[in-house]
Structure formats: C-alpha cells, structure tokens
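Participant: Predicted structure and sequence below. I'll ask about it afterward.
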Number of protein chains: 2
Amino acid sequence: MSEALATTDLPSLPLGPISPAKARILAVAVDLFYERGYERTTVRDIAERAGILSGSLFHHFKSKQEILFTAMAATTQAMGEAAVAATEGVDDPRGALRALMIAELSAIHREDGHAAYVLVDEWRSLDTEHRAAILKLRDGAYERAWRDTLDALGVKGRLRNNPRIARQLIRGALAWSRHWMREDGPLDLASLADEVLKTFVSD
Amino acid sequence: MSEALATTDLPSLPLGPISPAKARILAVAVDLFYERGYERTTVRDIAERAGILSGSLFHHFKSKQEILFTAMAATTQAMGEAAVAATEGVDDPRGALRALMIAELSAIHREDGHAAYVLVDEWRSLDTEHRAAILKLRDGAYERAWRDTLDALGVKGRLRNNPRIARQLIRGALAWSRHWMREDGPLDLASLADEVLKTFVSD
DNA sequence: TTGACAACCAAGCGCTTGCTTGTTTTTATG
DNA sequence: CATAAAAACAAGCAAGCGCTTGGTTGTCAA
C-alpha cells in the first residue's frame, strides 16, 4: 500500500481534508492502478481490497475519476514538498540537482507505494480538466525547484544543454528507469543519479 | 492513419500475411489507441472508422487483443528494419548512433501515424504472452543495432556511461520527447539527436 | 454460368461496468 | 442513554462491452 496515502493525518489538499477511510481507499486504488491500470481496475476491485462494498466507495468519492484525481493531486503535492525539502540548505547547484534526482527516483521506486508511477503511467486516464489542475500544482513547487537548479547550473556554464532541454532529457531518462531498474540489481538510486549527473553536468 | 500499416503490400510477419483490409483496420485501430488508449477504444469505434460493422472485425482478427498485438508486431518489425537500414554503410559509431536516434525519433514523431507511440504507451495493455513475442522480435534487430553501436563507442572510450546504462538513459530521454516536443517548435528531430549526442558522447 | 470462398451485415447474447437508491449499522457527542 | 451524523450494506439499474451466430453480398477462377 502507498505509505504517503495510508498515513492518518495528511496535509489538507486544495480539495479538502483526507480522512483515514479516504486515505485507505486511495492507497489500495493506487496499488491497483499500478498493477492493472486505471481502466482495468473496477470499483469493485478497489472496494474489495479496502474491505467494503463497491457502493460504499461513493460515499467518499463522487466518481472513480475523482479517486484517480485525488490520488494524483496528493502525490504531486508530496513530491513537490519532497523536492523543496531536498534542495533546502544545499548551496551548490550540482548538489541540488543530485538531490532532486534522488528525490524523483525515490518517488518512482519506493517499495511501499507506486503513486509516482501511476502519476506518469495513468496520466492519459485523467480527464482534461483535472490534468490542468495537477499541472498547475506541479508547476508551483516541483518544476520550480528543477528550473531554478538547472538555470543556476546553466549560468555557470556547467550544463551541456540548454536548461529547458536538459530538464526534459533528464526527466525522461529518470522516468524510464521504472522499466529496467531492479531493486536487487547492481545499481542503486544514488548511483544512477551520479551516472546522469556526470553525463549532463560538465567539469 | 498510420502509413506503415496502410500500404497495401506489407512484408509478411511471423503471423502471416496482412491483407489490405487487415492493414486498414490496423491503421485506424492504432490511431484510436493513440487518441483514447486501448481500453477506452471499443471494437465498435474501430469498425466505424474502418467503414464496417463491429462484428465484421472478427472475420479478420479473432480478438481485440490480436489487433493490438498484430499492430505492435508490425511496428516492431518496421522499426527494426529502419534501424538496420539507418546504420548500414555508416562506419563511425558516432554517426551510427546519430542515425539510430533520428530513426527512433522519426518513428515516435511521424505525422502520419502513431504506431511507435502506441507501442510504448499501450505496452501494459498487451497480454503477457504477447509481450514476450514482441520483445523477442525487438531484440533480434532493433536492440541489436543499438547494442552494437553503443558497444563500439564504449570500447573507444567515448561514452560517459556504461553502454547498457547509456542505452536505457537515451531511450528514456528520447521516448519522453513525445510529451514535450512540438512539430512546430524550435527544435527539430536532428537537432534533438545532436543535443543528446553531445551529452552522452565525449570528444 | 457456376461453385467456392472471403467479406460483410443484422441482430443480439451474456456479462461487466460505474453508479444509484433505500435501508441499516456504527460512531461520536451532549 | 438519546440523538444525529457518518459509514457501510443490499440490491439492482441502465448502458456499454467483446464477441457470436446465421444469413447475404461480392469476387473471381474454372
């Protein structure tokens, strides 16, 4: 189950507070979306794993789509806070970039939850209107931290690419790791971050 | 419609020949999978766009899943052939890598078809057994070309990473371009390939 | 012209889907 | 203990799903 969603007291989202019961539903839903994808997961699947009947879900969420949106919003917010926290107090931009990459990789590969995975893989399952809300939320903290860090490296002339391009290339490279990196493989997250670092950052 | 699938005479797949009628169905199916995703596309949608009734689909394919598989197999084979053709006659490994990247980007971004996009995005919609078949097909030509090229660069000491890691990082970086690169944007495919090239290849 | 086969139509079957409704149980509060 | 709100149940509806069946049309070689 996704730990970030299973904790009992979550920070209030723009959507309103998340009760323990809601958090439990979100956690098992994320697991199922990860295992089977959004469309192949039924509300009955979610309810069963949450220990209730399917109809009872709609006491907490007004639709299946709202479950996906709420989960994604919570993930986005958590990742934003983690990114800000990771770079806090780190002065050199190279170290900050390393911290951001490790934070992103940790979110993708954490053993106890696949919320970041779902955020990428089920993006197309989210309604157009909801997508805009997530993007706005993401841009406020998460992308801002990345932009600031890469721009700082850029003005120092230590990036091999334009900062905007570098961001997209790095994001893709890190995101793809979910398809080939194994927990028990020879490469851990920090090592992968270092690999990317030495590729994109010169000196 | 996807051009590679719309042409009337296709090379025979391991599955058997593809008639013009089948090719038309595959082409519109790929378009729909791209637009809505596999699960949200119904056999009625496919049939309507192909100009037939839904039941008639099953004269050509025994299931919706077989449509997806056949389309992916055809794409994989076409990409493999394109990769081999792109590196043929190119002696220096740097030039070969550039050619491979442009081939991959072209497949992803071609205006007249989204088969390569679907191959990545709907991978999880493919049955487990079918996945193995595609992977085998892919490994025969496509990945082989990449491996040979990167290994050649590696032994020359011109890669900043281990060739295996470089392959995965580059693949992710290129695949992600479908989410941010615009046809009418400032960056064309060759320029993006050059950006990646100067990042991963030294000297 | 005829026979054979491929392509397609027309209709619908059996099942699953997200969600609703009305009722009952649980929980928290005075 | 009384009461109200929150949470869950029980049952099922309407719509949509992949796919099947049986018959009709089109094509082309013999």
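Facilitator: Sure, I can see it. Numbering: from 1, shown residues only, chains lettered A, B, ... in the order given.
Participant: The nearest residue to residue A:153 once chain neighbours are set aside: neighbour count?
Facilitator: Distances taken as CB to CB, 6 or more residues apart in numbering or on different chains put residue A:93 closest to residue A:153, at 4.6 Å, once the chain neighbours are dropped. C-beta here means a position set from N, CA and C on the backbone, and glycine is covered the same way. Applying other CB atoms under 10 Å in any protein chain shown, we find 21 residues neighbouring residue A:93.
Participant: which one's the longest helix in chain A?
Facilitator: Secondary structure of chain A per DSSP state H: the longest helix is helix A:128-155.
Participant: Quick one: list the elements packing against the following helix or strand past that one.
Facilitator: Using DSSP states H and E, the helix or strand that follows helix A:128-155 towards the C-terminus is helix A:163-176. Counting contacts by 3 or more CB pairs under 8 Å, 6 or more residues apart in numbering or on different chains; DSSP states H and E, helix A:163-176 packs against helix A:93-109, helix A:128-155, helix A:189-200, helix B:163-176, helix B:189-200.
Participant: Any chance of CSV for those helices, columns mean pLDDT and distance to DNA strand C?
Facilitator: Shown next, in CSV, are the helices and strands packed on helix A:163-176 (pLDDT from 0 to 100; distance: least, CB to the nearest atom of the strand, whole Å):
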stretch, mean pLDDT, distance to DNA strand C
helix A:93-109, 97, 25
helix A:128-155, 96, 13
helix A:189-200, 98, 34
helix B:163-176, 98, 28
helix B:189-200, 98, 36
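Participant: circling back to that earlier point, ok, now which ones touch the residue nearest to residue A:153?
Facilitator: By CB atoms under 8 Å, 6 or more residues apart in numbering or on different chains, the contact list for residue A:93 reads A:149-150, A:152-153, A:156, A:158.
Participant: For those, which PyMOL command selects only the ones that are buried?
Facilitator: Selecting only the buried entries of these in PyMOL, with 16 or more other CB atoms under 10 Å in any protein chain shown as the criterion:
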select buried, chain A and resi 149+150+152+153
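Participant: Sort out which one of the contacts of residue A:93 lies nearest DNA strand D for me.
Facilitator: residue A:149 (40.8 Å; CB to the nearest atom of the strand).
Participant: residue contacts, that closest one?
Facilitator: Each residue near residue A:149 by CB under 8 Å, 6+ apart is listed here: A:87, A:93, A:96-97, A:100.
Participant: of all those residues, which two lie farthest apart?
Facilitator: Using CB to CB, the contacts of residue A:149 span at most 10.1 Å, a distance reached by A:93 and A:100.
Participant: about what we covered before: report the buried residues of the longest helix of chain A.
Facilitator: With burial defined by 16+ other CB under 10 Å, the residues of helix A:128-155 counted as buried are A:130, A:133-134, A:137-138, A:141-142, A:145-146, A:149-150, A:152-154.
Participant: Run through those residues and flag the ones next to DNA strand D.
Facilitator: When CB under 7 Å from any atom of the strand is applied, no member of these is adjacent to DNA strand D.
Participant: now those as CSV including distance to residue B:190?
Facilitator: As requested, these are arranged in CSV below (distance: CB to CB, whole Å):
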residue, distance to residue B:190
A:130, 36
A:133, 36
A:134, 33
A:137, 35
A:138, 30
A:141, 35
A:142, 31
A:145, 32
A:146, 26
A:149, 29
A:150, 24
A:152, 29
A:153, 25
A:154, 23
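Participant: Let's have the contacts of residue A:93 in CSV, adding distance to residue B:31.
Facilitator: CSV is the format used below for those (distance: CB to CB, whole Å):
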residue, distance to residue B:31
A:149, 39
A:150, 36
A:152, 43
A:153, 41
A:156, 46
A:158, 43
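Participant: mind listing what the residue most central in space within chain A touches?
Facilitator: Residue closest to the average C-alpha location in chain A (CA atoms, centre = their mean): residue A:116, at 3.2 Å. Applying CB under 8 Å, 6+ apart, we find residue A:116 in contact with A:75, A:79, A:104, A:107-108, A:110.
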